[in-house]
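In: 3D model of this:
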Amino acid sequence: MPDTPFFLGAVIVENCMGDRPPLYLLRHGQTTWNAAGRVQGQLESELSELGRDHARRQGEILARLDLPEGLGVYCSPQRRTRQTAELALGALGLEPLFDDRLKEIHLGAWEGRYYADLTAQDRAFFEGRSTLMLCLDGPGETLADMQVRVGAFLDDLDGPALVVSHGVALTVLRGLVLGLDVAGMEGLGAEQGVIYELRNGAQIVHR
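Out: Sure thing, here's the model as predicted:
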């Protein structure tokens, strides 16, 4: 997923689907593939130097938050999320459990290719569409697939949780918690180097 522009505004209030405990969400830092405009999906890539800075910044933000007792800590098992968790959580003594349901959306034949090359081959499909819409309409997992996978993870939570995952996966997760359609999910942002907190039907962005 390419770098996503920073969204201004600290709080987005939405309708909440059901009562959920507080959630603290970290997208992995920038990767070398993000910087190159290359499709990642479930293929592996490394954090760039900027991405390591993103992860360290997330650790600094977490250190100043009043995290609740009994916080569960979970992470996608992919390399870029593991690297992010090590940098962001290590100094706080937080060790995540790895869960396959937090992996990024699978993007089939697009994975490993460059967005620019894919766009050149099918401009009518790619131009003017957001990265989220491209991924959800791509050749791999669908929105329904992601909702089932990520929803199963959410349903297993029994208390507040910190989650390290990916751009599309975390957007779908927030959409489920906040009761949003795709248009609503597009407004949530997918920043790197911040903490998204979901509490009482609101998204709070900690920078």
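In: if we look at the helix with the most length in the chain, which residues are touching it?
Out: Longest helix in the chain, counting residues (DSSP state H): helix 49-64. Around helix 49-64, the neighbours that count as contacts under Cβ atoms under 8 Å, 6 or more residues apart in numbering are 24, 26, 28-31, 34-35, 47, 80, 83-84, 86-92, 162, 192-195, 206-207. Backbone N, C-alpha and C define where each C-beta goes, glycine included.
In: Mind checking which of those residues are buried?
Out: For those, a burial check counting by 16 or more other Cβ atoms under 10 Å picks out 24, 26, 28-31, 34, 47, 80, 83-84, 86-89, 162, 192-195.
In: Identify those among these that sit within helices.
Out: Judged by DSSP H, the subset of these located in helices is 34, 80, 83-84, 86-89.
In: Serialize these to JSON lines and add fields for distance to G41 and pLDDT.
Out: Output for those, formatted as JSON lines (distance: Cβ to Cβ, whole Å; pLDDT from 0 to 100):
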{"residue": "N34", "distance to G41": "12", "pLDDT": "97"}
{"residue": "R80", "distance to G41": "12", "pLDDT": "98"}
{"residue": "Q83", "distance to G41": "17", "pLDDT": "98"}
{"residue": "T84", "distance to G41": "17", "pLDDT": "98"}
{"residue": "E86", "distance to G41": "22", "pLDDT": "98"}
{"residue": "L87", "distance to G41": "23", "pLDDT": "98"}
{"residue": "A88", "distance to G41": "22", "pLDDT": "98"}
{"residue": "L89", "distance to G41": "24", "pLDDT": "97"}
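In: closest to G70 among those residues?
Out: Looking at these and their distance to G70, the nearest is L89, at 16.2 Å (Cβ to Cβ).
In: doesn't L97 make contact with the closest one?
Out: No - taking Cβ atoms under 8 Å as the contact criterion, L89 and L97 are not neighbours in contact, 11.8 Å apart.
In: what sits in contact with each of those two?
Out: Residues touching both L89 and L97 comprise V73, with contact defined as Cβ under 8 Å, 6+ apart.
In: re the thing from before, right, and the pair among the ones in helices among the buried ones among the contacts of helix 49-64 with maximum separation?
Out: Comparing the members of those, the greatest separation, given Cβ to Cβ, is between N34 and L89, at 20.7 Å.
In: so where's the protein uncertain?
Out: Screening the chain residue by residue with the criterion pLDDT under 70, one finds the ranges 1-18.
In: one more time with 90
Out: Residue ranges of the chain with pLDDT under 90: 1-20, 91.
In: Where do the strands of it begin and end?
Out: Ranges of strands within the chain are 11-13, 23-27, 72-75, 97-98, 161-165, 195-199, 202-206, based on DSSP state E.
In: Done for today, thanks.
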